[in-house]
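Asks: here you go, sequence then predicted model.
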Amino acid sequence: MGLSIYSVLSEGFTCPVRDFLWGHTYFTEELAALTDSSPFMRLHRILQLGPVHRVYPGATHTRASHSIGVYHLGRRLLQNLARDGSASWISREGALSFLCACLLHDLGHFPYTHSLKELPLRSHESLTGGLILKDPLRRLVGKCGADPEMAAAIVDRELPGDSAELLFYRRLLSGCLDPDKLDYLNRDARCCGVPYGEQDVDFIFSRLVPSAERGADIDSRLIPNVEAILFSKYLMYRTVYWHRQVRAATSMIKKALINCLESGSIAAEELYGLDDQTLFALLTEKTGSALADAVWNGRLYSAAAEIGFDEADHACLRDIGMRSRYEQRLAEELRRVGIPLSLEDLIIDVPEPISFETGLFVTDEDRNFAESSSAFNAKTLDSFVKTLYTIRIFVRPEFCEKVETSHELSDILCKEKFWIRET
């Protein structure tokens, strides 16, 4: 059985794609056809890191190149696990469905990185599942020898399905050592020219222990590699993903979209299936949005203040509707002290929720990673999140110096119950 599944994952993969990160990545003719489909071609028009190229000019890689990398690592991962024992619960159809899920997992992803993440829209996983389940992808996935229903359900956990094999693939595609994270950390760091993201994929895959219930376990020799991944993710968020200028561009597009949705000038359904350029075209065509035009032409807002996020005081800001009300209140307060800010001139930016996955079982210590001999306990990871979470007040550049040096801003933000007052 093991040799049979291993051969399924090895034979017939004769179509090479040259990836700058992983080298030759091999497809079957049927899997290669998926990359020529219209839904996949859209991913070539979406930058993986959105506005990050403003800070790191090399960050112009796309969702398509990342998806090919995830497919490549997913195939290597499944080969290793099949050789080491998982072949007894892996079927040919299931293995090929997993490969399709890896390749197509970002099909429904929105443009411009996570600018649309908090908006009242369907999740990108749900959109991906829907695309896989309709032609042309349904037909193409079937031609690969995969089950379109399973491939879609591996990505979209809201779809029905509770077979042990399906749950196994879901855990492989989403976890601490998943091919998605192993690709984006390596790829993003390489393109940005920073040293934080590189991971020892060869050693990680060689030491994973297949588990029908948990996906893959580790032994204690992999603890340093897991620690490296956790710390790399922290550093990439701190220096790249949530860099101040990146947050400025992201918050400006997010505010423009919120205004459009609230005014009805754009319907939620119009935001599905866009790429980076068509997103900006839609904003310009429907609204003539000054915010979108400013981002497109490099006129980013400046950070006038930064505040450490405190759950007790600032939890209300996680709600984008409440955030808009606080923006209005803050602009009014600043106008009272002589700074003529309009509501469009000011943005309160709060990063979206982030987690550091540690759901691994350490076999030779017979305990979960969080209770293992690792130095990265729950308290350490909580401190990562606390350090990363920064509220920023962005303003139009011409107002920045006046707002930044204003004693009134500090007084306003420090007012008792400013953030939790009834609205």
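Replies: Ah, there it is. In this text the structure is predicted, and so the values were computed from the model without any measurement.
Asks: from Tyr389, how far off is the nearest residue to Thr239 once chain neighbours are set aside?
Replies: Nearest-residue entry for Thr239: Val194, 6.4 Å, with adjacent residues in sequence omitted and distances by C-beta to C-beta, 6 or more residues apart in numbering. Where you see a C-beta, it was placed from the backbone N, CA and C, and this is true even at glycine. Using C-beta to C-beta, to the nearest Å, Val194 is found at 21 Å from Tyr389.
Asks: also Phe203?
Replies: Separation of Phe203 from Tyr389 (C-beta to C-beta) stands at 32 Å.
Asks: looking at these two, which is more packed in?
Replies: Regarding Phe203 and Tyr389, a neighbour count based on other C-beta atoms under 10 Å identifies Tyr389 as having more, with 18 against 13.
Asks: helix or strand: which one has the residue nearest to Thr239?
Replies: Remark: Val194 resides in no helix or strand, with elements defined by DSSP states H and E.
Asks: repeat for Gly12
Replies: Using DSSP H and E, no element contains Gly12; it sits outside every helix and strand.
Asks: just give the nearest non-adjacent residue to it, would you?
Replies: Counting by C-beta to C-beta, 6+ apart, Thr28 is the residue found nearest to Gly12 once chain neighbours are left out, at 4.8 Å.
Asks: returning to what we had before: give me the pLDDT for the residue nearest to Thr239.
Replies: We have a pLDDT of 96 for Val194.
Asks: does it touch Arg238 like I think?
Replies: No: distance between Val194 and Arg238: 10.7 Å, which falls outside the contact criterion (C-beta atoms under 8 Å).
Asks: those two: which has the busier surroundings?
Replies: Between Val194 and Arg238, Val194 has the larger neighbour count (other C-beta under 10 Å), namely 18 against 15.
Asks: residues in contact with that one?
Replies: Residues in contact with Val194, defined by C-beta atoms under 8 Å, 6 or more residues apart in numbering, are 56, 235-236, 239-240.
Asks: regarding His109, what is its secondary structure?
Replies: The three-state label for His109, taken from DSSP: H, G, I helix; E, B strand; the rest coil, comes out as coil.
Asks: now it: closest residue in space, sequence neighbours ignored.
Replies: On the basis of C-beta to C-beta, 6+ apart, the spatially nearest residue to His109 that is not a chain neighbour turns out to be His124, at 4.6 Å.
Asks: from Val350, how far out is that neighbour?
Replies: From His124 to Val350 the distance is 20 Å (C-beta to C-beta).
Asks: quick one: contacts of stretch 149-164?
Replies: For stretch 149-164, contacts defined as C-beta under 8 Å, 6+ apart pick out 89, 93-94, 97-98, 100-101, 104-105, 123, 125-126, 128-130, 132-133, 141, 166, 169-170, 173, 212.
Asks: coming back round to it: for the residue nearest to Gly12, give me its contacts.
Replies: Applying C-beta under 8 Å, 6+ apart, the residues contacting Thr28 are 12-15, 144.
Asks: Pro179 too?
Replies: Taking C-beta under 8 Å, 6+ apart as the definition of contact, the neighbours of Pro179 are 69-74, 77, 102, 172-173.
Asks: output the contacting helices and strands for the helix or strand where Pro39 lies.
Replies: In this assignment (DSSP H and E), Pro39 forms part of helix 38-41. Helices and strands touching helix 38-41, as assessed by 3 or more C-beta pairs under 8 Å, 6 or more residues apart in numbering; DSSP states H and E, comprise helix 63-83, helix 92-104.
Asks: deepest-packed of those helices, please.
Replies: Ranked by mean neighbour count, these are led by helix 92-104 with a mean of 25 (mean count of other C-beta atoms under 10 Å).
Asks: residues touching the helix or strand following that one, excluding its own?
Replies: On the C-terminal side of helix 92-104, the closest following helix or strand by DSSP H and E is helix 124-132. Outside of helix 124-132, the residues that reach it under the criterion C-beta under 8 Å, 6+ apart are 39, 100, 104-110, 137-138, 141, 148, 151-153, 155-159, 272.
Asks: and if we set it to 6 Å?
Replies: Under the contact criterion C-beta atoms under 6 Å, 6 or more residues apart in numbering, helix 124-132 has outside partners 39, 104, 107-110, 137, 148, 151-152, 155-156, 159.
Asks: how about the CA coordinates for the helix or strand just after it, as CSV?
Replies: Beyond helix 124-132 in the direction of the C-terminus, DSSP H and E gives the next helix or strand as helix 137-143. The C-alpha coordinates for helix 137-143 follow below in CSV (Å, rounded to 0.1, in the frame of the first residue of the first chain):
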residue,chain,number,x,y,z
LEU,A,137,-12.4,23.6,-12.1
ARG,A,138,-14.8,20.9,-11.1
ARG,A,139,-14.2,19.2,-14.4
LEU,A,140,-10.5,19.8,-14.4
VAL,A,141,-10.1,18.5,-10.8
GLY,A,142,-12.0,15.4,-11.8
LYS,A,143,-9.6,14.8,-14.7
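Asks: and helix 137-143, what does it pack onto?
Replies: Other helices and strands packing on helix 137-143, by 3 or more C-beta pairs under 6 Å, 6 or more residues apart in numbering; DSSP states H and E, are helix 29-34, helix 148-155.
Asks: how about that helix: buried residues?
Replies: Burial within helix 137-143, assessed by neighbour count using 16 or more other C-beta atoms under 10 Å, is assigned to 137-138, 140-141.
Asks: can you redo those residues as TSV with distance to Gly298?
Replies: Formatted as TSV, the buried residues of helix 137-143 follow (distance: C-beta to C-beta, whole Å):
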residue	distance to Gly298
Leu137	36
Arg138	41
Leu140	39
Val141	41
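Asks: follow-up on the earlier one: any idea how far the residue nearest to Thr239 is from Asp188?
Replies: Per C-beta to C-beta, Val194 is found 8 Å from Asp188.
Asks: residues in contact with both of the two, list them for me.
Replies: Any residue near both Val194 and Asp188 by C-beta under 6 Å, 6+ apart counts here, and not one turns up.
Asks: residues in contact with Ile320?
Replies: Contact analysis of Ile320 by C-beta under 6 Å, 6+ apart lists Glu118.
Asks: any idea of the pLDDT on it?
Replies: Among the per-residue scores, Ile320 holds a pLDDT of 84.
Asks: try the one 3 residues further on
Replies: The predicted structure scores Arg323 at 86 on the pLDDT scale.
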